[in-house]
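*Asks:* this is the structure alone, sequence omitted:
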């Protein structure tokens, strides 16, 4: 969306028509007309106050039941639907959606963000990661199986690889 100042400049200073600015910006002519008429940038004003859901009287009870459920074993905890059905028995006349949103928000608050990152730091020479692999290579024109040891130093993250061909065993 274009800024109101830019639209005012196109119409008032450059003398362009509202219709041409509308075609260029993709905004309606009514919107551009409002931008041109007022010097201040447009602000959103709500016509009616927001409607609160019917859960407002029962949210303390629902929160208490949710916290009691968190102390139960996982298999015995009630779902949001079961909590909703219990609220309906208590006289709740609203829909399921506010209860579902309330339970979802409670889960977010109770569990934190759910993400954690703990950086690991190692002193030089303290630790390394190690793994083996078998590779097939051609050495001197002969295909051979080679065992490879892979090391990665944890401090510097530098790799080190060492191959071992092994000794051919002869049967006696």
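*Replies:* That came in fine, so what should we check first? All of these numbers come straight from a predicted model, not from anything done at the bench. Numbering: from 1, shown residues only.
*Asks:* give the other helices and strands that the helix or strand of the chain with the lowest mean pLDDT contacts.
*Replies:* Lowest by mean pLDDT, DSSP states H and E among the helices and strands of the chain is helix 96-111, with a mean of 85. The helices and strands touching helix 96-111, judged by 3 or more CB pairs under 8 Å, 6 or more residues apart in numbering; DSSP states H and E, are helix 59-70, helix 80-89. The C-beta positions use only the backbone N, C-alpha and C, and glycine is treated the same way.
*Asks:* mind doing that once more with 6 Å?
*Replies:* Packing contacts for helix 96-111, counted by 3 or more CB pairs under 6 Å, 6 or more residues apart in numbering; DSSP states H and E, involve helix 80-89.
*Asks:* and the helix it packs on, which residues are buried?
*Replies:* Within helix 80-89, the residues scored as buried using 16 or more other CB atoms under 10 Å are 80, 83-84, 87.
*Asks:* same question, stretch 89-109
*Replies:* 92, 98-99, 102-103, 106.
*Asks:* how about the helices in this protein?
*Replies:* Assigned by DSSP state H, the chain shows helices spanning 4-8, 18-25, 29-37, 59-70, 80-89, 96-111.
*Asks:* any idea how far residue 24 is from residue 8?
*Replies:* 14 Å (CB to CB, to the nearest Å).
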